[in-house]
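>>> show me the folded form of this:
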Amino acid sequence: MKPDKEETKVYLEKVRENMPKTRHISTMIRAFITGGIICCIGQGITDLLKFLLKNADETEIGGLTTIIMIALTGILTGFGIYDRIGNFGGAGSIVPITGFANSVVSPAIEHRREGIVLGLCANMFSIAGPVIVFGISASVIVGVIYLFI
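Got it, this is the predicted structure:
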């Protein structure tokens, strides 16, 4: 049996009463600060690489910065530190590269007991996989539209 509209209305009112209130302003400030710090770390790595590798061009330095940020995120996720950063910063911790690295490493760590193939490899892209598929599909569609325009 389906509940009638009155029962649904009463239920939703009880949910609203008992649901914890979200502090939107403090949540946005923490996300802004967390995302800003992550970006500043990335910029600091870029500046350090420019100083150390004087003969490298922008593309090489950008690639190395990306690799270092992904490695740092993987290590921090492995030690459980990035989870605490995510709990504090919320959406600010999902800065594209670090959030993507975290979404790959987290399921792999969670399923490591199942073995390398069926645990790590099979579950590594369970969260990031749909993002990759959507990104590739969207880029193909945009590319085809661009081709005709």
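>>> can you give me the offset of stretch 55-69 from its chain's centre?
How far stretch 55-69 lies from its chain's middle: 21 Å, per CA atoms, centre = their mean, to the nearest Å.
>>> same question, stretch 100-112
For stretch 100-112, the distance to the chain centre is 11 Å (CA atoms, centre = their mean).
>>> residues of that stretch that come out buried?
100-109, 111 (16 or more other CB atoms under 10 Å). Just so you know, the C-beta spots here come from the backbone N, C-alpha and C atoms, and that holds for glycine as well.
>>> stretch 23-33 now?
In stretch 23-33, counting by 16+ other CB under 10 Å, buried: 30-31.
>>> so what touches it?
88-93 (CB atoms under 8 Å, 6 or more residues apart in numbering).
>>> just put those residues in CSV and tack on pLDDT, secondary structure and distance to Lys21.
Below are the contacts of stretch 23-33 laid out as CSV (pLDDT from 0 to 100; DSSP: H, G, I helix; E, B strand; the rest coil; distance: CB to CB, whole Å):
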residue, pLDDT, secondary structure, distance to Lys21
Phe88, 94, helix, 19
Gly89, 92, helix, 20
Gly90, 90, helix, 16
Ala91, 88, helix, 18
Gly92, 90, helix, 20
Ser93, 90, helix, 22
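>>> ok, for the most centrally placed residue in the chain, nearest residue in space, not its chain neighbours?
In the chain, the residue lying closest to the centroid (CA atoms, centre = their mean) is Gly99, at 2.1 Å. Excluding the flanking residues, the one nearest Gly99 by CB to CB, 6 or more residues apart in numbering is Ser93, at 6.5 Å.
>>> from what I see, that neighbour and Ile81 are in contact.
No. Taking contacts as CB atoms under 8 Å, Ser93 lies outside contact range of Ile81: 11.1 Å.
>>> between those two, point out the one with more neighbours.
Just comparing Ser93 and Ile81: by other CB atoms under 10 Å the higher neighbour count belongs to Ser93, 23 against 12.
>>> contacts only, for that one.
Contacts of Ser93 (CB under 8 Å, 6+ apart): 31, 34-35, 38, 82, 85-86, 99, 102.
>>> look up how far Phe51 lies from it.
28 Å (CB to CB, to the nearest Å).
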